[in-house]
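S.K.: Sharing a model that was predicted from the sequence below.
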Amino acid sequence: MKTKILLYVMIFTVILFVDYVLLAVIGCVACAAGAEESFYCTVFCNLAKILIVVTTLLPFAIATYKSIRNT
């Protein structure tokens, strides 16, 4: 059981790192394309919030579904 928890924590950490890199790339591309401050205050922040919430809840939802299905 401890190895499963450790595996989920490591996967979760990697997913959050990928989110961070993805948001950095999107921000750099938007800056190079000439995005103004309103883009970062509205679209980028909302995209970041949605992405982080989805990637945070998705692994837990999958793990819960698997544990319910196996019982």
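M.R.: That came through, no problem.

S.K.: quick one: what helix or strand has residue 68 in it?
M.R.: In this assignment (DSSP states H and E), residue 68 forms part of helix 45-70.

S.K.: and that helix, how far from the chain's centre?
M.R.: Taking CA atoms, centre = their mean, to the nearest Å, one finds the center of helix 45-70 at 9 Å from the center of the full chain.

S.K.: Now it: buried residues?
M.R.: Neighbour-count burial for helix 45-70, with 16 or more other CB atoms under 10 Å as criterion, is recorded at residue 48. (Glycine included, C-beta is placed from N, CA and C.)

S.K.: Could you do stretch 31-49 as well?
M.R.: By neighbour count on 16+ other CB under 10 Å, the buried set for stretch 31-49 is 44, 48.

S.K.: Touching that stretch from outside, list them.
M.R.: Stretch 31-49 is contacted from outside by 23, 26, 27, 30, using CB atoms under 8 Å, 6 or more residues apart in numbering.

S.K.: Quick check on residue 36: phi, psi?
M.R.: Backbone dihedrals for residue 36, given as degrees, to the nearest 10, come out at phi -100, psi -180.

S.K.: Can you list the low-confidence ranges for the protein?
M.R.: 1, 71 (pLDDT under 70).

S.K.: following the lengthiest helix in it, which helix or strand comes up?
M.R.: Within the chain, and with DSSP state H defining each element, the longest helix by residue count is helix 2-32. Elements were assigned by DSSP H and E; along the chain past helix 2-32, the next helix or strand is helix 37-39.

S.K.: How far off centre is that next one?
M.R.: When C-alpha coordinates are averaged (CA atoms, centre = their mean), helix 37-39 and its chain have centres 22 Å apart.

S.K.: hmm, back to that, which of the contacts of stretch 31-49 sits closest to residue 68?
M.R.: Of all the contacts of stretch 31-49, residue 23 has the smallest distance to residue 68: 32.2 Å, by CB to CB.
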